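> Sequence and predicted structure below; questions after.
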Amino acid sequence: MVLREQVLKSSTINLAKSLGFEDADCGRIIPVTDEERPQRIVGYTLSPTQSFMQKWLRDMHLIDVVSTPVRFTGHLEVAYWTYSVLGVFPIKNYRFNSYEDALEVGIKEGLETLKFKIK
């Protein structure tokens with residue numbers, strides 16, 4: 001199994017950039033593919049990872065986003081994942097299939113919180 005950090009979705013990156021985030025020295029280099037032939041790489045771009053954005057929100061804006069596993073009593077496997085933006089929202093009862101899916105939504109909510117903090 002190859003472990004890779006999760007790159008943020010473009011909508012999350014665009015929201016972060018609108019709030020002053022600069023991705024010049026963070027993230028992962030990812031291939032850009034041809035829209036008509038997705039197997040053909042036409043270039044590369046730098047994209048911030050979820051963990052970097054999580055750290056940026058925490059260290060620069062005091063917004064702490066966490067993804068939390070939910071297990072049923074007596075079971076070791078994770079039933080589902082949820083997230084919270086600590087100090088702002090209580091843990092939501094949203095259910096996600098993965099840590100990364102929950103964290104992505106939590107980061108977006110953290111960025112939305114920052115939007116109101118800036119105003």
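Yes, it's here. Numbering: from 1, shown residues only.

> Give the helix, strand or coil label for P38.
Here P38 is coil, with the state taken from DSSP: H, G, I helix; E, B strand; the rest coil.

> and it, how far is that from K9?
From P38 across to K9, the span is 17 Å (Cβ to Cβ, to the nearest Å). Glycine gets a C-beta too; all of them are placed from N, C-alpha and C.

> In terms of neighbours, single out the busier of those two.
Neighbours were counted for P38 and for K9 using other Cβ atoms under 10 Å; K9 has more, 14 against 8.

> Backbone dihedrals for that one, please?
Phi and psi for K9, reported as degrees, to the nearest 10, are phi -70, psi 150.

> Leaving out the residues flanking it, which one is nearest to it?
Of all residues not flanking K9 in the chain, E104 sits nearest, at 6.3 Å (Cβ to Cβ, 6 or more residues apart in numbering).

> Which strand or helix spans that neighbour?
Using DSSP states H and E, E104 sits in helix 99-118.

> for that helix, which positions count as buried?
By neighbour count on 16 or more other Cβ atoms under 10 Å, the buried set for helix 99-118 is 99, 101-111, 113-114.
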